[in-house]
Every structure is written in structure tokens, then in C-alpha cells.
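Asker: Provided below are the primary sequence and the corresponding predicted coordinates.
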Amino acid sequence: MESVLKKVEELALLHDKIDIKTVKEKNIKLGLRNEDGSGVFVGITSKGQVIGYEKIIDGEGVETLRPVPGKLYYCGYDVADLVAGKEKEKRFGFEETVYLLLTGELPSQGDLKSFSKELARRRSLPGEAKEIILNRPQHDDQMGSLHTIVSAMHLFDRDPNSTDLKDVTRQCIDLIAKLPTIIAYNYCRKLMKKNNRIKLVEPDTDLSASENFLYMLSGKAPDRFTAEMFDTMLIFHAEHGGGNNSTFTTRCVSSSGANTYMAICAGIASLSGHLHGGANEAVVRMMDDIKKRVKDWESVEEVKACLERLIDKKAGDKSGKIYGLGHAVYTLSDPRAVFLEARGEELARMHGREKEFALYRKIAKMAPKLVRDKKGKVVCTNVDFYSGFVYQCMGIPKELFTPIFAMARVAGWGAHRIEEMIQGRIIRPSYLSSLKGKNNYVPLCRR
């Protein structure tokens, strides 16, 4: 087997490497991105819009991109306004955000109340689904477990393969409601020494989505500040435009006519990749390493030297990356990171982690300039830079960082799936052949 694997690897490296010259000559959009880094338009959506730069045209008609402070919109509404609105009214806002993404409109009080009740009513899992969770092999891969159970949910659907809009909408709402329960149960199963359904806490229909999830994890109702902060995190992660990898994957699979469960599982699979959903875990690992290496956290010189070693691939995981820095669209700022930096101090103070948060802030201020000076790139801290710290303060284990991302983003996946089903054209880009010519077949006895 080893010799076969080695041969496959050698031939793959020989035939599958990209010829950069050909890429430029043929104007191939690797990663569906233009040469200036902007995304290639492959569709139209009303769900989310991410802004990190603006196009300007000079006197000679030359078009360039200019970095601007980041903005995130859901169905035309600034997410910062959605969060500010729910905070001013002292209520939870994730359910409102889900309604907005699915319908394109903000709900009235009556609509929000009835929709929230419907989501709460759908949180419980069938007994057979609980048995699948309890009887699966015990392991630590929470995203793999989530994928398995969401896939199995088609077994409990009276018409899982229907592409009728009413059925698709029902399925999406059902999964949005049930993902928090699946995630909580998967993690509780990991902690069990023996299968025990009694230890699986039933959802509380009187609680908001954020309150209920935290309650199901610990068996205790969370304090109001923590629940509201978690609610904001869910809003921030609910949607990010059709071009992010997991949403685009969901749309690709949906465009083939695949059922809702397959499409959402595709989104989960995409999010499980470390380049998409695992960034905040990487930030926590990086920060743990920095905290060990830097003796004086208040020393600008020490922190700077440590960051330079990271960039120079002499420290950390030797990747040359400062995790939590940079984004495919945002340039000067990520609006979600701006909020978390402003609000994180209060959370850090509540949990006696002010010095640690001050270190985060120091790095957030210094790192973009170092990257610009050393690599010539304009970058900013993104939401992942702070989200892991926020979750840690809430007592949420690292294994659940990415599943929580999925728990929120399923709202966007569902909204984009419905939109894709309405637009109805299979996604099928082209690939240029890397081969220089045709090969003549050689009989096996002569090879």
C-alpha cells in the first residue's frame, strides 16, 4: 500500500501543479477571485452584502480598488443597526435576524412572536435521533458528528426529497431550530462515560435561542449579559454574502436539485475546513503560545518581536500567519471585530481577564502595520481574532467554536438555498486542461 500511495503522490505533484504563466495568459480566476483580490460575480443575491473596498476610476478611466471601513448588510440592513436596535430595546435579536434573512423583511411584533414560538417548538429531536447520537462511536470530532446527525434528519421527514418551496422552507426552518439541540447533545455525548438519555437536557421553549443553547450545555440558565452577548455572536455569524465558501457550497449543491439535508450537510462540510471555520481556534492556540513566549505583556518591544518572529516563520506553527488577521473582503476593518473589541473589555473584566484582553488589543493594533511593512498587504483584525476569547469567557469549550459558527450560519445557508431554488440554474464553471496534448493509449503488456 505504501508504494501505491507514494506513486500517487509523485504523479499528483507532477501533473496537478499550477502553471502560473498559464493562469495569467488565460486570465483564469483561481478561487473565483480576480487578480486584484476581489471576488468574481457568479450570481445575484438579496441576502447579504460584504463591503471592504470601493472602486474608483481616475481621469484616464483606470479602475482601482480603494480600501474602506468594512460594512456588513443583511437584506439591505446594516448589521450594526440590527444589533444596536435589539440592545436599545433590551431583547434578543437572532430570531429577528433569521426571519429577515428568510423573508427579506423585518418582522412586526406579532410576526416575530409567532415565528420565535415556531422555532422554539421545533427544537426537540425525535427519540430515534437521540438514540443515533447516543449510540454513535465516541470521538472528539464535533463537526463530523454534526454532519452525521444532520444527514440522518432526513429519516424523520415525511418528504425529504421534495423541492417544493413550502417543503424546502419548512425543512430549513426545522434545521435552524434543531442545530443548537444537535450540537449540545453531540457535546454532552462526548462527556458521557455511559449512554444515558436522561442526561440530555430538553430544550426550554420559554427561552430565546441563545439562552436555550447555553442552558442545554450546562443545565443552568445563563446570566443576561452572557446570553445577550452570545445572541449578538449568532447574529454576526448568521450570514456573510453568497461568496463565502460554505454558503457557495450550499448553493452549488442546491443548484443540482439535491435535497435540503444534503445541501446543508455540504455547508457543514465546507465549514469544517481549517481555512474557513477553524480560524478562531487557531487564534486561541496562537495566543496561548504568545502568552508563554512574551514575559512582559505590556512591553511593546517584546510583543512586536514575537509578532515579527511569527511573520518570519520562526515561531508558532511556522506558517508565517498571524491568525485572526486579514479577510477575503474586509480591508481596513471588520465591523464585527470592531464591536467585539469595544464590548470585549466589559466581558474580560467580568471574568478577571483584563490583562489578557489588553494583550489582544495590543496585537490588534500592532499586527496590521507589521504585515503591511513586511508583506505590503492592507489587513485588519477579523471577527475570529476576538470570538474565541469571547467564547472562552462564556465557558464554551474550544471544540464547539466551529459548530456554533454552523449553528448561526445555517440561517444564511437556508436563506441562500431557498433563493437558489427559485433562481434554478445549475452551477457549472469551467476548468482549463493542464495537459499540453493528447496521449496515445499503450497496451498494458508494453508499459
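Answerer: Ah, there it is.
Asker: ok, how many other residues are close to Leu5?
Answerer: 9 (other C-beta atoms under 10 Å). In short, each C-beta sits where N, CA and C put it, glycine included.
Asker: got it, and Ser124?
Answerer: Using other C-beta under 10 Å: Ser124 sits among 15 other residues.
Asker: was I right to think it contacts Thr181?
Answerer: Yes - under the criterion of C-beta atoms under 8 Å, Ser124 makes contact with Thr181 at 6.9 Å.
Asker: what sits in contact with each of these two?
Answerer: By C-beta atoms under 8 Å, 6 or more residues apart in numbering, Ser124 and Thr181 have these common neighbours: Pro203.
Asker: return the distance of Asp81 relative to Ser256.
Answerer: Distance from Asp81 to Ser256, counting by C-beta to C-beta, to the nearest Å: 36 Å.
Asker: my error: substitute Asp289 in the last question.
Answerer: Distance from Asp289 to Ser256, by C-beta to C-beta: 43 Å.
Asker: between the two, who's got more neighbours?
Answerer: A direct count of neighbours by other C-beta under 10 Å for Asp289 and Ser256 places Asp289 higher, at 15 against 12.
Asker: got the contact list for the more buried one?
Answerer: Counting by C-beta under 8 Å, 6+ apart, Asp289 touches 315-316.
Asker: mind pulling up the phi and psi values for it?
Answerer: Main-chain torsions, Asp289, degrees, to the nearest 10: phi -70, psi -40.
Asker: just the pLDDT at it, thanks.
Answerer: You'll see Asp289 listed with a pLDDT of 95.
Asker: likewise Gly437?
Answerer: Per-residue pLDDT puts Gly437 at 82.
Asker: biggest strand in this protein by residues?
Answerer: In the chain, with assignment by DSSP state E, the single longest strand is strand 63-74.
Asker: just the mean pLDDT for that strand, thanks.
Answerer: In this model, strand 63-74 has an average pLDDT of 91.
Asker: tell me how far the following helix or strand past it lies from the chain's centre.
Answerer: As assigned by DSSP states H and E, the chain's next helix or strand after strand 63-74 is strand 77-78. Here the centre of strand 77-78 is set off from its chain's centre by 19 Å, with C-alpha atoms, centre = their mean, to the nearest Å.
Asker: tell me which strands strand 77-78 pairs with, and in which orientation.
Answerer: The strands beside strand 77-78 in its sheet (DSSP bridges) come out as strand 63-74 (antiparallel).
Asker: which other residues reach the strand it pairs with?
Answerer: For strand 63-74, the surrounding residues in contact (C-beta under 8 Å, 6+ apart) are 36-38, 47-58, 78-80, 82, 97, 100-101, 238-240, 327, 329-336, 338, 378, 380.
Asker: please apply the same query to stretch 210-226.
Answerer: 92, 94, 120, 123, 180-181, 183-185, 187-188, 201, 203-204, 207, 227-228, 230-231, 234, 346-347, 350, 394-396, 400, 407.
Asker: these in helices, which ones?
Answerer: Judged by DSSP state H, the contacts of stretch 210-226 include 94, 120, 180-181, 183-185, 187-188, 227-228, 230-231, 234, 346-347, 350, 407 as members of helices.
Asker: now which of those residues would you call buried?
Answerer: Using 16 or more other C-beta atoms under 10 Å as the burial test, the ones in helices among the contacts of stretch 210-226 include 94, 120, 180-181, 183-185, 187-188, 227-228, 230-231, 234, 347, 407 as buried.
Asker: of all those, which comes closest to His147?
Answerer: Nearest to His147 among those, counting by C-beta to C-beta, is Ile183 at 11.5 Å.
Asker: check contacts around the closest one.
Answerer: By C-beta under 8 Å, 6+ apart, the contact list for Ile183 reads 142, 146, 213, 400, 403-404, 406-407.
Asker: hmm, try it at 10 Å
Answerer: 142-143, 145-146, 149, 213, 216-217, 400, 402-404, 406-407 (C-beta atoms under 10 Å, 6 or more residues apart in numbering).
Asker: residues contacting Ser270?
Answerer: Residues near Ser270 by C-beta under 10 Å, 6+ apart: 244-250, 252-253, 276-277, 406, 409, 413.
Asker: out of these, grab the one that's most surrounded.
Answerer: Ranked by the number of neighbours (other C-beta under 10 Å), the contacts of Ser270 place Thr250 first, at 33 neighbours.
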